[in-house]
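> Sequence plus the predicted model coming up.
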Amino acid sequence: EDQVTQSPEALRLQEGESSSLNCSYTVSGLRGLFWYRQDPGKGPEFLFTLYSAGEEKEKERLKATLTKKESFLHITAPKPEDSATYLCAVQAPSGNTPLVFGKGTRLSVIA
Amino acid sequence: DGGITQSPKYLFRKEGQNVTLSCEQNLNHDAMYWYRQDPGQGLRLIYYSQIVNDFQKGDIAEGYSVSREKKESFPLTVTSAQKNPTAFYLCASRRMAAAYNEQFFGPGTRLTVL
């Protein structure tokens, strides 16, 4: 069974304190790995898609990277507005199967 | 504006009643999905549909039903058989072409059973 594990479950950072969130997966033949941001009471907002090991994508203070077994979401000099839950999902080799989601990392950035 | 709409935003139901949650998209996406989100449990797939008039059960389909009569609409009915329906429900959609894997979400409906 395909599995996606995110760590840590929760992370508390001071404003400006850079860190990384981890997403490890066991699906073989990954077709895509996706990062989302979810604010409380709202639907997840799409951030990045990564397709192959070594690929990197950036958006403002966020940078996503991918290896053969895991992905990292690096947050550089975070601000309080970066506080949210970050979800990771993977796409199995068959493009018609639904995404498999991790349980998310709840990030709090304190001013 | 293109996007996914869900209504209502908040819904209250008495025990024993069926209730239908609406999901509409104008993105011309082929596939649509329903998820349930509970604190600490992440997103759990209820049902999904990749083509009109066809749908498949997800991981927690018991107590729910869906229909897909139009490409842009995928309503979810929470029946009285669902033992613990209080949750945040999310609808999502995506194109099925190989180059378009991204899945987009609606704003969600919070259902509370009184």
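The structure has been received and is ready for your questions.
> Tell me the residues of chain A that contact chain B?
A:31-32, A:34, A:36, A:41-46, A:49, A:87, A:89, A:91, A:95-96, A:98-99, A:101-104 (Cβ under 8 Å from any Cβ of the partner chain). Every C-beta, even on glycine, is put in place using the N, C-alpha and C of the backbone.
> how about 10 Å then?
Within reach of chain B by Cβ under 10 Å from any Cβ of the partner chain, chain A has these residues: A:4, A:6, A:9, A:31-34, A:36, A:38, A:40-49, A:51, A:85, A:87, A:89, A:91, A:95-104, A:106.
> where exactly do the strands run in chain A?
A:4-7, A:10-14, A:19-25, A:32-38, A:45-50, A:56-59, A:62-66, A:70-75, A:84-91, A:100-101, A:105-110 (DSSP state E).
> and those strands, which one's lowest on average pLDDT?
For the strands of chain A, mean pLDDT drops lowest on strand A:100-101, to a mean of 92.
> where does chain B have low pLDDT?
Within chain B, the stretches with pLDDT under 70 are B:1-2, B:98-100.
> And the nearest residue to residue B:46 once chain neighbours are set aside, how far from residue A:87?
Leaving out its chain neighbours, the residue that sits closest to residue B:46 by Cβ to Cβ, 6 or more residues apart in numbering or on different chains is residue B:34, at 4.3 Å. With distances taken as Cβ to Cβ, to the nearest Å, residue B:34 is found 16 Å from residue A:87.
> can you give me phi and psi for residue B:28?
Backbone dihedrals for residue B:28, given as degrees, to the nearest 10, come out at phi 60, psi 30.
> again, but for residue A:104
Torsion angles, degrees, to the nearest 10, at residue A:104: phi 90, psi 160.
> And it, how far from residue B:13?
Distance of residue A:104 to residue B:13, computed by Cβ to Cβ: 27 Å.
> So the two - more neighbours on which side?
Set residue A:104 next to residue B:13 and count neighbours by other Cβ atoms under 10 Å in any protein chain shown: residue A:104 wins out with 25 against 16.
> buried ones in the strand ranked longest in chain B?
Of all the segments of type strand in chain B, defined by DSSP E, the longest one is strand B:42-51. Buried residues in strand B:42-51, counted by 16 or more other Cβ atoms under 10 Å in any protein chain shown: B:42-43, B:45-50.
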